[in-house]
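**Q** from the sequence below, what's the structure:
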Amino acid sequence: MKITGIRTMTADVPLEEPVITAIHDVRSIGYVLVFVDTDAEVTGEGHLFSISAKHMEPLETMTAGLGRSLVGEDAHRVEGLWHKLWGEVNFFGHKGVSLFALSALDMALWDARGKALGQPVHRLLGSCRDAVPAYNSGGLWLSRSQDELIAEAKEFLKQGFRAMKMRLGKPSWREDVERAEAVRDAVGPDIRLMADANQGLDVRHALRLGRALEPVGLDWFEEPVPAYDVAGHAALAAALDTPIATGETEYARYGFRPLIEAKAADVLMPDLGRVGGVTEFMRVGHMAQAWDLPVSPHLYSEPSLQLCGALQNCDMLEYMPWSAPLFRERIEFEDGMARIPDRPGLGFTVDPDALETFRTAPAAGAAAKPAPKRPARRTAAKKDETAAAKTEAKAKPRTRTTAKAEPKPEKQAAAKAAPEPAPKPARRRKREPGRTPWYLRRGSGDA
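**A** Next comes the predicted model:
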């Protein structure tokens with residue numbers, strides 16, 4: 001199954017209301033959609049998301065450019081192609097935009113492989129379950145009043161969810177505690193409740209807040225301090241009974257290894273669009289399994305379901321409804337569990353009608369095509385000489401012929417008195433064939 005082309009496009013999906021966290025103010029979600037076409041008439045689909053539309057152009061450009069190296073390759077060789085792309089991005093580094101691009105392409109390759117074989121990806125990876133617990137992450141925002149938090153938490157219960165996540169980050173840690181206690185009272189002791197500070201606190205604030213939240217019985221306290229503060233997360237993990245969750249902004253297994261070694265996380269949260277795609281997500285999951293640590297995917301709810309179905313140590317799916325308008329299919333829930341689709345590939349396909357509604361202008365050079373053949377050296381040189389001659393002819397000014405003026409007597413006398421110019425040095429004799437040039441003759445017998 002040969003890859004015949006890579007296509008990309010972007011979409012911007014407005015939110016019904018702004019999302020406010022300790023560090024975010026989100027009005028719409030931007031998406032880069034990736035399509036891997038094959039000669040087997042199978043198209044693999046992948047996507048990236050951004051909380052700002054201005055980030056989509058560099059993501060799309062990098063993905064399209066990186067995808068050119070896949071054209072002509074066998075789409076079934078997912079492992080080999082992952083390592084090829086890993087080598088391709090070495091110049092840019094194995095973090096940031098380059099890893100996003102790799103992730104999207106790897107996602108689409110797994111989708112294509114599953115579709116070609118008629119199997120869902122979780123079965124290709126080694127299935128272990130048909131459904132996974134899901135928590136609702138699409139509400140209980142920092143901008144909600146306490147009464148609104150209570151009402152929304154009860155609504156999630158009516159929808160059948162048995163787990164949910166709220167946000168923290170008020171200026172006063174006491175206010176955060178009051179809000180968490182109010183939600184706990186509203187949902188009861190048996191509902192799993194998580195809290196996310198979105199990296200908005202320092203260690204001292206997070207420690208005081210974490211200790212005060214212990215009686216609330218949180219399942220985890222997510223990213224209490226900036227993600228890069230591994231030592232801070234480790235200190236909090238050691239001091240609190242509440243598990244610490246982090247990892248959503250880490251890249252590849254090399255970003256998660258320090259978290260594990262420093263004991264900075266009790267729950268790892270790889271992000272499918274940032275970690276390195278399906279291939280690297282599974283490596284991180286298995287590495288966590290070796291340390292008896294659970295994983296819970298960050299966002300990418302639809303494709304992450306396949307990974308939840310293949311990893312025994314996957315704790316819960318984060319359900320976020322942001323990307324739902326883009327797909328034909330919907331996630332199915334039953335008694336708080338998300339069903340893992342048995343449809344081929346990743347199980348979700350982009351809805352063409354949604355693309356018509358949300359599609360944005362393409363980035364320059366977004367369509368990834370095979371690179372044009374390099375012209376022969378002689379032809380290129382000839383073109384360069386011709387272009388240079390034309391440029392020189394245009395640049396040379398036209399002169400008018402005029403009669404020479406007779407030199408003045410004083411100038412004639414000065415010219416006679418001037419000394420004869422020094423003779424030009426003789427031209428260097430051409431080196432005889434086989435004779436060592438002088439600058440290489442030091443210490444040599446060739447004189």
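**Q** who are the packing partners of the longest strand seen in the chain?
**A** Of all the segments of type strand in the chain, defined by DSSP state E, the longest one is strand 3-20. Applying 3 or more C-beta pairs under 8 Å, 6 or more residues apart in numbering; DSSP states H and E, one finds that strand 3-20 makes contact with strand 25-38, helix 56-67, helix 352-358. Placement of C-beta: from N, CA and C, glycine included.
**Q** for those, give me a markdown table that also has distance to Val121, mean neighbour count and mean pLDDT.
**A** A markdown table is the format used below for the helices and strands packed on strand 3-20 (distance: least, C-beta to C-beta, whole Å; neighbours: other C-beta atoms under 10 Å; pLDDT from 0 to 100):
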| stretch | distance to Val121 | mean neighbour count | mean pLDDT |
| --- | --- | --- | --- |
| strand 25-38 | 14 | 21 | 95 |
| helix 56-67 | 20 | 22 | 97 |
| helix 352-358 | 22 | 13 | 94 |
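**Q** and for Ala197, the neighbour number?
**A** Under the neighbour criterion other C-beta atoms under 10 Å, Ala197 is assigned a count of 23.
**Q** pretty sure it sits against Pro226.
**A** No. With contacts defined as C-beta atoms under 8 Å, Ala197 does not count as touching Pro226, sitting 10.2 Å away.
**Q** put the alpha carbons of stretch 87-99 into PDB.
**A** Presented in PDB, the C-alpha positions along stretch 87-99 are these (Å, rounded to 0.1, in the frame of the first residue of the first chain):
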ATOM      1  CA  GLY A  87      15.400  11.500  11.900                       C
ATOM      2  CA  GLU A  88      13.900  14.100   9.600                       C
ATOM      3  CA  VAL A  89      13.100  16.500  12.400                       C
ATOM      4  CA  ASN A  90      16.500  16.200  14.100                       C
ATOM      5  CA  PHE A  91      17.600  19.600  12.800                       C
ATOM      6  CA  PHE A  92      14.600  21.300  14.400                       C
ATOM      7  CA  GLY A  93      14.700  19.300  17.600                       C
ATOM      8  CA  HIS A  94      12.400  16.600  19.000                       C
ATOM      9  CA  LYS A  95      10.000  18.900  20.600                       C
ATOM     10  CA  GLY A  96       7.600  21.600  19.600                       C
ATOM     11  CA  VAL A  97       6.100  22.000  16.100                       C
ATOM     12  CA  SER A  98       8.200  19.200  14.600                       C
ATOM     13  CA  LEU A  99       6.800  16.700  17.100                       C
END
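**Q** quick revisit: can I get the CA coordinates of the longest strand of the chain in PDB?
**A** Presented in PDB, the C-alpha positions along strand 3-20 are these (Å, rounded to 0.1, in the frame of the first residue of the first chain):
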ATOM      1  CA  ILE A   3       1.500   6.500  -0.100                       C
ATOM      2  CA  THR A   4       0.600   8.700  -3.100                       C
ATOM      3  CA  GLY A   5       0.200  12.000  -1.400                       C
ATOM      4  CA  ILE A   6      -0.300  14.000   1.700                       C
ATOM      5  CA  ARG A   7      -3.100  16.600   2.000                       C
ATOM      6  CA  THR A   8      -3.700  19.100   4.800                       C
ATOM      7  CA  MET A   9      -6.400  21.700   5.600                       C
ATOM      8  CA  THR A  10      -7.400  23.800   8.500                       C
ATOM      9  CA  ALA A  11     -10.600  24.400  10.400                       C
ATOM     10  CA  ASP A  12     -11.600  26.900  13.100                       C
ATOM     11  CA  VAL A  13     -14.500  25.700  15.300                       C
ATOM     12  CA  PRO A  14     -16.000  28.500  17.500                       C
ATOM     13  CA  LEU A  15     -16.900  27.600  21.100                       C
ATOM     14  CA  GLU A  16     -20.400  28.200  22.400                       C
ATOM     15  CA  GLU A  17     -18.900  30.300  25.200                       C
ATOM     16  CA  PRO A  18     -15.300  31.300  26.200                       C
ATOM     17  CA  VAL A  19     -13.200  28.900  28.200                       C
ATOM     18  CA  ILE A  20     -11.400  30.500  31.100                       C
END
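**Q** who's in contact with Leu157?
**A** 187, 191 (C-beta atoms under 8 Å, 6 or more residues apart in numbering).
**Q** how far away is it from Ala131?
**A** Noted for Leu157: a distance of 19 Å to Ala131, by C-beta to C-beta, to the nearest Å.
**Q** tally of neighbours for the closest residue to Glu214 other than its chain neighbours?
**A** Nearest residue to Glu214, sequence neighbours excluded (C-beta to C-beta, 6 or more residues apart in numbering): Asp241, at 5.8 Å. In terms of burial, Asp241 registers 9 neighbours under the definition other C-beta under 10 Å.
**Q** quick one: low-confidence ranges for this protein?
**A** Of all residues in the chain, those with pLDDT under 70 make up the ranges 362-447.
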